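Enquirer: I would like to see how this sequence folds:
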Amino acid sequence: MTTPTNVIVIGLGYVGLPLALAFSEELPTAGFDIDASRVDELLAGFDRNNEIVSSELISSNLLITKDSACISDADFIVVTVPTPVTQNHDPDLSMLRSASQLIGTSLRGRSRNLTPPIVVFESTTYPGCTEGFCAPLIEQASDLKSGVDFFLGYSPERTNFGDGAHTLETVIKVVSGQTPEVAAVVSDTYGRIAKAGTHIAPDIKTAEASKVIENIQRDLNIALFNELAMIFDRMDIRSADVFEAAATKWNFHRYQPGLVGGHCIPVDPYYLTYASSKLGYDAHVVLAGREVNERVAEFTANKILGLIRSATVGFSNPSILLLGVTFKPNVSDLRNSKVLSLARLLLQRDLTLEVYDPIAGDQLPEDIGFRLLKDPFVANKTYDAVILTVPHDVFMVKKTCIVDLVNPGGLIVDLVSVLDQSEIEALGKIYWSL
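Expert: Numbering: from 1, shown residues only. Coordinates of the predicted model:
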């Protein structure tokens, strides 16, 4: 097979936009998104995700478009649409379905003198989805044959947005193809932008499986530490002190307990358990980890309620400030944020919240039920309780200021274990961490 002469990236979100920009430095590349407002914003140099600066967008070689006509003659089509789960924790393949059907429809108009295109999926999914779910949709919409008129590839995204160290260039890219020849082309094409190199998986299903277990492993390890933290809390032992002591052993692997949100770790396990259940196997360990991590918000809300009642005896409506609502530090993404879940649980317990998160911007749901502050650090106001939930850099440089926001005898809840307990308690304030 020949090296692609052009690339189209479908989906310009957290994964697709940086990928398209990287490809555009090596090959003629178009980035397509069905969200017209998103496309218009990007054309104007604005990334609502705050991942790409305006100058990079405006000066890039990337063709950003909402016209799907660009798909038909592309040699290398990359799909980066989201794959969330439903409320019942089943895979939501609606966007993958739409993208596959769009590709199939577009390929109907492909110039006959062109070589068969390669369609590479990056969206996280279950093993067998690319060939068993996506390919038939493309075939049906295009009247073309997979493996003859178009070829498939899979290269799981490893984007860790907000992390300047682990980038598209510095992380090894797993690639795969429908045939060894296709896999080689996929590897060579991604090798242009993945400077750390590529790893060719033996087949597409293996590459799909490798992606889901990356996050399942993290989910299970965090679940273990969350469960340990909840046990130690009942024993009146600070879990961070236990973990620090245990970490002195050479083979102890330390994780941070806390709220597990976002679109990867709390989502990907359900893709594998869905597929395994179809084969008659219940993934007990994987689901047990999910159950533990899903309980943390409820446990934390109950704990905070008890601590606030103890710390604010005589106050009918204690003032509470929550710092951070995104699912991870220094990122504006609110998808599946367990901090929002915690906030809702606190509101259900008749607590009144004020919230500050300069990273989240104005993306909060309109019906969230709490007041969004501009900057409490300059408002000359103190609170009966402050809950630090996300260690944004803008908070980490103000640790002392965070402590100063709490009234004497008030409560500091440190869900990320970054504040100094002894200093806080020396000031006559109450400290609690998970």
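Enquirer: when you work out contacts or count neighbours from here on, use the C-alpha atoms and nothing else.
Expert: Will do.
Enquirer: quick check, residue 151 in a strand?
Expert: Yes - checked against DSSP: H, G, I helix; E, B strand; the rest coil, residue 151 lies within a strand.
Enquirer: what number of residues lie near the closest residue to it other than its chain neighbours?
Expert: In space, and not counting its chain neighbours, residue 151 is closest to residue 118: 4.7 Å by Cα to Cα, 6 or more residues apart in numbering. Residues lying near residue 118 (other Cα atoms under 10 Å) number 26.
Enquirer: isn't residue 118 right up against residue 152?
Expert: Yes - at 5.6 Å, residue 118 counts as touching residue 152 under the criterion of Cα atoms under 8 Å.
Enquirer: now what about stretch 244-264, what contacts it?
Expert: With contacts defined as Cα atoms under 8 Å, 6 or more residues apart in numbering, stretch 244-264 is touched by 84, 215, 219, 221-223, 225-226, 229, 243, 266, 293-294, 296-297, 327-328, 333-339, 415-416, 434.
Enquirer: for that stretch, buried residues please.
Expert: Of the residues in stretch 244-264, 256-264 count as buried by neighbour count, 16 or more other Cα atoms under 10 Å.
Enquirer: tell me the secondary structure for residue 23?
Expert: Under three-state DSSP, the three-state class of residue 23 is helix.
Enquirer: what is the neighbour count of it?
Expert: By the measure other Cα under 10 Å, the count of residues near residue 23 is 25.
Enquirer: same question for residue 235.
Expert: 10.
Enquirer: equivalent analysis for residue 358, please.
Expert: Applying other Cα under 10 Å, we find 19 residues neighbouring residue 358.
Enquirer: next one: residue 266
Expert: 23.
Enquirer: hang on, it packs against residue 290?
Expert: Yes - assessed by Cα under 8 Å, residue 266 is found in contact with residue 290 at 7.1 Å.
Enquirer: which SSE is the closest residue in space to residue 42 that isn't next to it in sequence in?
Expert: Spatially, and ignoring its direct neighbours in sequence, residue 42 is nearest to residue 57 (7.0 Å; Cα to Cα, 6+ apart). If you go by DSSP states H and E, residue 57 is part of helix 54-59.
Enquirer: first vs last residue of stretch 312-331, how far apart are they?
Expert: 33 Å (Cα to Cα, to the nearest Å).
Enquirer: same check on stretch 341-356?
Expert: Stretch 341-356 has an end-to-end distance of 16 Å (Cα to Cα).
Enquirer: name the residues of it that are buried.
Expert: For stretch 341-356, by 16+ other Cα under 10 Å, it's 341-347, 351-356.
Enquirer: just flag the most distant two among those residues.
Expert: Across those, no pair lies farther apart than 345 and 356, at 17.5 Å, counting by Cα to Cα.
Enquirer: next SSE downstream of the longest strand belonging to the chain?
Expert: Secondary structure assigned by DSSP state E gives strand 406-414 as the longest strand of the chain. Later in the chain than strand 406-414, the nearest helix or strand by DSSP H and E is helix 421-426.
Enquirer: now residue 258: which helix or strand?
Expert: Here residue 258 is assigned to no helix or strand, by DSSP H and E.
Enquirer: what about it, distance to residue 99?
Expert: In terms of Cα to Cα, residue 258 sits 35 Å off from residue 99.
Enquirer: ditto for residue 400
Expert: From residue 400 to residue 99 the distance is 49 Å (Cα to Cα).
Enquirer: check residue 336 too.
Expert: Distance of residue 336 to residue 99, given as Cα to Cα: 23 Å.
Enquirer: again, but for residue 417
Expert: When residue 417 is compared with residue 99 (using Cα to Cα), they lie 42 Å apart.
Enquirer: same question for residue 250.
Expert: Residue 250 is 47 Å from residue 99, by Cα to Cα.
Enquirer: now residue 178
Expert: 19 Å.
Enquirer: how about residue 35?
Expert: On the measure of Cα to Cα, residue 35 and residue 99 end up 13 Å apart.
Enquirer: between the two, which one's more packed in?
Expert: Shown here are residue 35 and residue 99; by other Cα under 10 Å, residue 99 has more neighbours (21 against 12).
Enquirer: packing partners of the particular helix or strand that has the more buried one in it?
Expert: Element membership for residue 99 (DSSP H and E) is helix 94-107. Packing partners of helix 94-107 (3 or more Cα pairs under 8 Å, 6 or more residues apart in numbering; DSSP states H and E): helix 135-142.
Enquirer: least trustworthy helix or strand in the protein by mean pLDDT?
Expert: In the chain, no helix or strand scores lower on mean pLDDT, DSSP states H and E than strand 371-372, which sits at a mean of 72.
Enquirer: could you point out which element follows it?
Expert: strand 383-388.
Enquirer: name every strand pairing with that next one and say which way it goes.
Expert: strand 320-323 (parallel), strand 406-414 (parallel) (DSSP bridges).
Enquirer: pLDDT averaged over the last one - what is it?
Expert: When the per-residue pLDDT values of strand 406-414 are averaged, the result is 94.
Enquirer: what are the contacting residues of it?
Expert: 304, 307-308, 311-312, 382-389, 403, 427-434.
Enquirer: switch the cut-off to 10 Å
Expert: Under the criterion Cα atoms under 10 Å, 6 or more residues apart in numbering, residues 300, 303-304, 307-308, 310-312, 318-322, 381-391, 402-403, 405, 419-421, 424-425, 427-434 lie in contact with strand 406-414.
Enquirer: okay, it in PDB with CA atoms only?
Expert: C-alpha atoms of strand 406-414 as PDB (Å, rounded to 0.1, in the frame of the first residue of the first chain):
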ATOM      1  CA  VAL A 406     -11.700  29.700  56.800                       C
ATOM      2  CA  ASN A 407     -13.200  31.200  59.900                       C
ATOM      3  CA  PRO A 408     -11.500  30.300  63.300                       C
ATOM      4  CA  GLY A 409     -12.800  26.900  64.400                       C
ATOM      5  CA  GLY A 410     -14.000  26.300  60.800                       C
ATOM      6  CA  LEU A 411     -13.400  23.300  58.600                       C
ATOM      7  CA  ILE A 412     -11.000  22.600  55.700                       C
ATOM      8  CA  VAL A 413     -11.800  19.600  53.600                       C
ATOM      9  CA  ASP A 414      -8.700  18.700  51.500                       C
END
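Enquirer: for that strand, buried residues please.
Expert: Residues of strand 406-414 classed as buried by neighbour count (16+ other Cα under 10 Å): 406-407, 410-414.
Enquirer: repeat for stretch 26-45
Expert: Buried, per 16+ other Cα under 10 Å, within stretch 26-45: 27-33, 38-39, 42-43, 45.
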